[in-house]
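[1] Below is the sequence, then the predicted model.
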Amino acid sequence: NLRQETFEVNNTKNKAGDRKENVTWFFPAPCSTAASDVQESTATLLAARAFAKAGYVVQAWESLLAFFQGQRADGFLPMFRYSPRIDDNQIYIENSTIPGPYIGSHLAAFPIHASIVLDVFAMSNQTQEDVSNLQILYENILKYHRWIHDKQNFLHPWETLLSTDSWVRPLEGVRREMRSRNWEVPFEVPNAVRDNYKYIADVYEPSIYLLQECSAMALASCKINYTSVDRTASLIRSFQDLIQMRTVLNGRYVKVEECPSTWLESSQQLLSSLWNDEYQTFLPQRSVFNSSERYDWIVEPDASAFVGLWAEIKNKSRVYAMTSKLMQREGDNFFYFDCGYNAVWSLGGCNPRSTISPVLNYLITVGLEQNDARGMEYYISNVTTNHLFSNGNITFAEAFHAPSGKPFQSMDSCDLSSTATAAIVYDLSKGFAVSRTFLTDPPIRNSGVIVIVIIELVIAFSIGASCLLLNLKLLRQEFRDSEQRQQEQQDLHVVEDGGYYSATNSMNGVDSANGANSSIESNDETDNFLDDPCLIYPEGI
């Protein structure tokens, strides 16, 4: 699904200043058939991680950098980056259910970019080019999070992982407002969209209404504040990874902007407030219609609540309570999700309307790993990958009908060739975990290594040659000293009664004066004389 496209570099990231230039980019399309002119956020991130794990780090960086060319100057990062060839008024991409710029340009990307980018860097060689890419993406992600923190006024249903069925009741107030204004969808909904598994009129129409009518931010429906579990948890982990990215860059002597820690603290407090003691799980909240002060729970047994584990939960009793629901097969409130040896269903109570989403199951697996629930992580990973295999064949479907296990195959030509699903299968099959080991200094290039080795060899040869010459010199000196000692021993004499005797010859009974053999009487005085070193070696000899 890799595509190639040439378009202008975003001015804010052009190192040449204000001059624009055309650059050819490689990037993953959402599927293999249609939508070659669009790049989707989550599919790009998952593909980049898979590329890096397979050793294609260059393609990983290029995919990420290409996607961020669609970021707005104010920091907003859309869910889709469209080719310049696509008309801004196009409602849907041809032969697919992927929104065109008319709809999709208003949807914000799901914020897991920092976590994926940090993993890609950890799997790279961490060269100076890798550090440069990390710095560019760090600054862009930080800008996006600042937009989320300061400017995002409401959360659109399509920007969350909450299933379509779970949005029916929360959008009731929006539907009332639509009816009071006699509002209708201003375009003909394509048959591929109506045929899609996610289509429910009571959710689709209010979703279009919110996209079309909230630009002025004046309607009551636009003031409804939805607090999503999955998005809040992803922000927590993203803030943590942004802080770690900053630490890595500072360790490589790259000065980067401070990452506000207050964002992390406020998100952690917000996620904690989403814990519901009655149901022993995280639940999304919304402000009551036409009120900005009172909140109520969206009590829907939805599997997106498990993405709350994407953040590290310090209260382990909460982790246990949630993982228990993945193994529970019955209950009074339908908050149980063990529907046999199968991937996690989207709706609790084994609801027959449930779907199985590889992306959702992948994020749940990541959350379990994050909270050290290793056994459950291994189980969900296995059942997810096994579900994609059927009779020895693998299906890269976007989603499956949970009760039958069959992939959804509608008029959407992207149904069976999902880039995100393919990336997930590869990632999980290789083991999800990535060792985040970071160098404090850039690795030495090959040419530098060769120069250092040559220098070390020259130094080692010089030391060896010096030692050899020194040894030869010492050997010659020792030979001369040995000859001199032998000569001195031959010339050494002992003075006695005015005569000179060789100590060696005297001990052997040889008279040095007349050269005749003579016998030395052995008495106490002679023995003492010969044994006294001060007499054998008189002073001056």
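    Good, I have the coordinates. The structure presented is a predicted model; accordingly, all values stated were derived computationally and were not measured.
[2] Quick check: residue 110 touching residue 233?
    No - taking contacts as Cβ atoms under 8 Å, residue 110 lies outside contact range of residue 233: 11.3 Å. Backbone N, C-alpha and C define where each C-beta goes, glycine included.
[3] which of these two has more neighbours?
    Using other Cβ atoms under 10 Å, the more surrounded residue of residue 110 and residue 233 is residue 233, with 30 against 21.
[4] Okay, buried residues for the helix or strand hosting the more buried one please.
    Residue 233 belongs to helix 229-251 when elements are defined using DSSP states H and E. For helix 229-251, the neighbour count (16 or more other Cβ atoms under 10 Å) marks 229-246, 248-249 as buried.
[5] and whichever helix or strand comes after that helix, average pLDDT?
    Counting by DSSP H and E, the element after helix 229-251 in chain order, helix or strand, is helix 261-273. Helix 261-273 shows a mean pLDDT of 86.
[6] now swap in stretch 139-156 and tell me
    Averaged over stretch 139-156, pLDDT sits at 86.
[7] ditto for stretch 482-498
    For stretch 482-498, mean pLDDT is 59.
[8] now stretch 101-119
    On average, stretch 101-119 scores 92.
[9] Mind picking out the helix or strand in the protein with the poorest mean pLDDT?
    helix 533-536 (a mean of 34; mean pLDDT, DSSP states H and E).
[10] what about the strands in the stretch 1-150 of the chain?
    2-8, 22-28, 38-40, 80-82 (DSSP state E, counting those that start in this stretch).
[11] Can you lay out those as CSV showing distance to residue 283 and mean neighbour count?
    Converted to CSV, the strands of the stretch 1-150 of the chain look like this (distance: least, Cβ to Cβ, whole Å; neighbours: other Cβ atoms under 10 Å):
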stretch, distance to residue 283, mean neighbour count
strand 2-8, 40, 14
strand 22-28, 34, 17
strand 38-40, 28, 26
strand 80-82, 29, 23
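[12] With respect to residue 358, which of the ones you listed lies nearest?
    Residue 358 sits nearest to strand 38-40 of all the strands of the stretch 1-150 of the chain, at 14.4 Å, using Cβ to Cβ.
[13] What are the contacting residues of that closest one?
    Contacts with strand 38-40, where a contact means Cβ atoms under 8 Å, 6 or more residues apart in numbering, come from 27-30, 66-67, 70, 79-83, 86, 93, 98, 419-420.
[14] Mind checking which of these land in helices?
    Taking DSSP state H as the definition of helices, the contacts of strand 38-40 contribute 66, 67, 419, 420.
[15] Let me see the contact set for the third one.
    Translated: residue 419. Counting by Cβ under 8 Å, 6+ apart, residue 419 makes contact with 1, 28, 29, 30, 31, 32, 40, 43, 46, 47.
[16] Same check on the first one?
    Residue 66 makes contacts with 5, 25, 26, 27, 39, 81, as judged by Cβ under 8 Å, 6+ apart.
[17] could you give the mean pLDDT of the helix holding residue 233?
    90.
[18] what angle separates it from helix 261-273?
    Orientation check (axes from the mean of the first three to the mean of the last three Cα atoms, to 10 degrees): helix 229-251 against helix 261-273 gives 150 degrees.
[19] just how off-centre is helix 229-251 within its chain?
    11 Å (Cα atoms, centre = their mean, to the nearest Å).
[20] Tell me the secondary structure at residue 203.
    Under DSSP: H, G, I helix; E, B strand; the rest coil, the three-state class of residue 203 is helix.
[21] Excluding covalently adjacent residues, which one is nearest to it?
    residue 167 (4.7 Å; Cβ to Cβ, 6 or more residues apart in numbering).
[22] what does residue 438 give?
    Using Cβ to Cβ, 6+ apart, the closest residue to residue 438 is residue 248 (4.9 Å).
[23] And residue 90, by the same measure?
    Once flanking residues are discounted, residue 90 sits nearest to residue 100: 3.6 Å by Cβ to Cβ, 6+ apart.
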